[in-house]
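Undergrad: Pasting the sequence and the predicted coordinates here, then a few questions.
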Amino acid sequence: GEIKSILESRNELIGKYEKGLNDYVGSIITEFNNIHTNGFGLDGTTGEKFFNGSDMRTIEINSILKNDPEKIGLSSINGVSGNTAIGEQLSALRSAQVINGQALPEFYREYIVTMASELNLARDNEIIHTNVAEAMEKQKQAVQGVNIDEEMTNLMIYQQYYQANARMIKITEKMLDEVLNLI
């Protein structure tokens, strides 16, 4: 069971989150490069991509632009150094709906909230399952004989179950409040 859950986490959950982050970074790269390639640098250069790579593992600033910042295309008119139209378009990407009809900050916020919610749910489930396993072990031992110390221990365990369930309800309530606040 433990090995299966580790494999599922690695193959499904981590893959899901990696894909989401790659979609996010890939959209930034594509949209940013689409605008930047239309701009002119201070030296008249045009058509340079700002980012190289295609996902979170390969993204990097174009080494040509790193070595010669005058090639960064922020002007929409060749030879006009005060023109920042392309730079303004790049800045506007922050609010543009580029990923599944969402702006970049909205997508990222939803991504983080989903990941945090699933993490909290997994932690709560771990506590619940651990408590259930301990309770079953105690019940097994109780069948073998009655002991006042064991009965007292069982009473404390049930109290812990109650507390764990109360915590889970509070966490769920808090998550729903946060989700409603985000909406």
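TA: Good, I have the coordinates.
Undergrad: who touches stretch 84-104?
TA: 23-24, 27-28, 31-32, 35-36, 38-40, 73-77, 105, 107, 110 (Cβ atoms under 8 Å, 6 or more residues apart in numbering). The C-beta positions use only the backbone N, C-alpha and C, and glycine is treated the same way.
Undergrad: switch to 7 Å and redo it
TA: 23-24, 27-28, 31-32, 35-36, 38-39, 73-76, 105, 107 (Cβ atoms under 7 Å, 6 or more residues apart in numbering).
Undergrad: Output the lowest mean pLDDT helix or strand found in the protein.
TA: For the chain, the helix or strand with the lowest mean confidence is helix 2-8, at a mean of 74 (criterion: mean pLDDT, DSSP states H and E).
Undergrad: Would you mind writing the CA trace of it as PDB?
TA: Extracted C-alpha coordinates of helix 2-8, given in PDB (Å, rounded to 0.1, in the frame of the first residue of the first chain):
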ATOM      1  CA  GLU A   2       2.800   2.500   0.900                       C
ATOM      2  CA  ILE A   3       4.700   1.800  -2.300                       C
ATOM      3  CA  LYS A   4       1.600   2.100  -4.300                       C
ATOM      4  CA  SER A   5       0.800   5.500  -2.800                       C
ATOM      5  CA  ILE A   6       4.400   6.700  -3.400                       C
ATOM      6  CA  LEU A   7       4.200   5.600  -7.100                       C
ATOM      7  CA  GLU A   8       0.800   7.200  -7.600                       C
END
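Undergrad: and the next helix or strand after that helix, which residues are buried?
TA: Once helix 2-8 ends, the next helix or strand along the chain (criterion: DSSP states H and E) is helix 14-36. For helix 14-36, burial by neighbour count (16 or more other Cβ atoms under 10 Å) applies to 20-29, 31-33, 35-36.
Undergrad: for stretch 166-179, same thing?
TA: For stretch 166-179, by 16+ other Cβ under 10 Å, it's residue 168.
Undergrad: ok, and what's touching it?
TA: Taking Cβ under 7 Å, 6+ apart as the rule, stretch 166-179 contacts 113, 117, 120, 124.
Undergrad: next one: stretch 67-78
TA: With Cβ under 7 Å, 6+ apart as the criterion, stretch 67-78 contacts 36, 39-46, 48, 64-65, 81, 83-87.
Undergrad: Counting only helices, which of those make the cut?
TA: 36, 64, 65, 85, 86, 87 (DSSP state H).
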